[in-house]
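sequence below, structure please.
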Amino acid sequence: MNKKVLLIEDDPAVRENTAEILELANFSVQTANNGREGVTVAKSFIPDIIICDILMPELDGFGVLQILSKTPVLEHIPFIFLTAKTNHEDLRKGMELGADDYIKKPFEESELLRAIDSRLKRVEAFEVKKKFKFSTNNTKYKSLGNIKNIEHYLAKKKVYTYKKNETIYCQGIQSNHLYLIKNGLVKTYKSNELGKEFITSYYTNMQYFGYASFVKHTPHFENSKAIVNTQLYKISKEEIIAVINDNNHILYNFIDLLASDLIDIKKQLITTAYSSVRRRTALTLIKLLDKYPTKSTNEISISRINLANSIGIAKESLIRTLHDFKEEKLIKVTAKSITIIDIPKLLKVN
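Okay, the predicted model is just below:
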């Protein structure tokens, strides 16, 4: 059955064009000319997702969202604002009321469809969780069914220790659990036939990794290694289900993690394919501020080879680029660390 979309938009041209796009994408679409009509249609149509303009006669988009968020049958439906208004106050007000996303007019068709698809997939994930029930006859679940506090639960878990540069798992090995870092730093990477690495991501304290194999029941498609001495937990599928069942915020974390990783991978591919060595290096340095442990403000402690492998360039090319950035007063460089001096200028590097 096609997913149902309610489009609330007072501009006839925008309303008709957007409805046509959605219908071509196999959505069942209902439209409303203004906010008041939109609320009435929503209560009878019960859509899977709502797309709503902000500036409308009779009742604006904020009013629509506020009313629907207090209507039990509609309060959990994803809500996307379609608007030309993008100032900070409007965004903040919408998010406080519970909006899921903003799309700025004019927009690309693909942008609209991606936003809808992303929100609907999140809803589907929650529906799967709601339908899951523990089997009272399963002794494994019985021992896990009362996990009320994730921190208390982890305190009882075995902690595995990996020394610096020790491999955690290898490509091609199937995993029956995922990993959660207690403290330390881990990299995941791919190696080509010549042994050259390309680092796909970094993970640090209280971050999960290795979940692709765990979720898809397939062998790991990459390798992982501890960059510093690292302690981590190994969590089985049964344990994850039990934890999620009594700690709903963990499910949000997983969904955000998967979505963020997908976005990061796509951005990384685009950057690698189309950007210069200078820009790739600048963007990677900025990204690492969130991933790598810092000694002081904006100081990243990372080896040159790990940085080069993160960018996908030769070490010699990296050294030349870092020298140029240093001369341009964008960074400071020591033998074991890099300090970012000017983030805005780094973001503008081409």
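
now do the buried residues in stretch 229-241.
230, 232-235, 238-241 (16 or more other C-beta atoms under 10 Å). Using the backbone N, CA and C atoms, a C-beta is placed for each residue, glycine as well.

what do you get for stretch 210-220?
Per 16+ other C-beta under 10 Å, stretch 210-220 contains these buried residues: 210-214, 220.

got it, and stretch 18-31?
Judged by neighbour count (16+ other C-beta under 10 Å), stretch 18-31 contains these buried residues: 18-19, 21-22, 25, 27, 29-31.

in helices only, show me these.
18-19, 21-22 (DSSP state H).

farthest pair within the residues you listed?
A19 and I21 (7.3 Å; C-beta to C-beta).

for burial, what's the neighbour tally of A42?
23 (other C-beta atoms under 10 Å).

that one: what secondary structure?
helix (DSSP: H, G, I helix; E, B strand; the rest coil).

so what's it up against?
Contact criterion C-beta atoms under 8 Å, 6 or more residues apart in numbering gives 6, 50, 68, 71, 74, 77 as the residues in contact with A42.

can you give the domain ranges for the chain?
Under automatic domain parsing, the residue ranges defining each domain of the chain are 4-130, 149-255, 275-347.

for this structure, name the helix or strand with the lowest mean pLDDT.
Taking mean pLDDT, DSSP states H and E as the measure, helix 139-142 is the helix or strand of the chain with the lowest mean score, a mean of 39.

isn't Y208 right next to K182, touching?
No. Between Y208 and K182 there is no contact, the gap being 11.8 Å when judged by C-beta atoms under 8 Å.

more neighbours: these two, which one.
Counted by other C-beta under 10 Å, Y208 and K182 do not tie: Y208 has more neighbours, with 20 against 15.

quickly list what the more buried one is bridged to.
L180 (DSSP bridges).

so it versus F325, what's the distance?
Remark: distance between Y208 and F325 (C-beta to C-beta, to the nearest Å) = 33 Å.

and the end-to-end length of stretch 57-72?
Across its full length, stretch 57-72 reaches 25 Å end to end, with C-alpha to C-alpha, to the nearest Å as the criterion.

list the buried ones in it?
Neighbour-count burial for stretch 57-72 flags 59-65, 67-68 (criterion: 16+ other C-beta under 10 Å).

next: stretch 301-315.
Applying 16+ other C-beta under 10 Å to stretch 301-315 flags 302, 304, 306-313 as buried.
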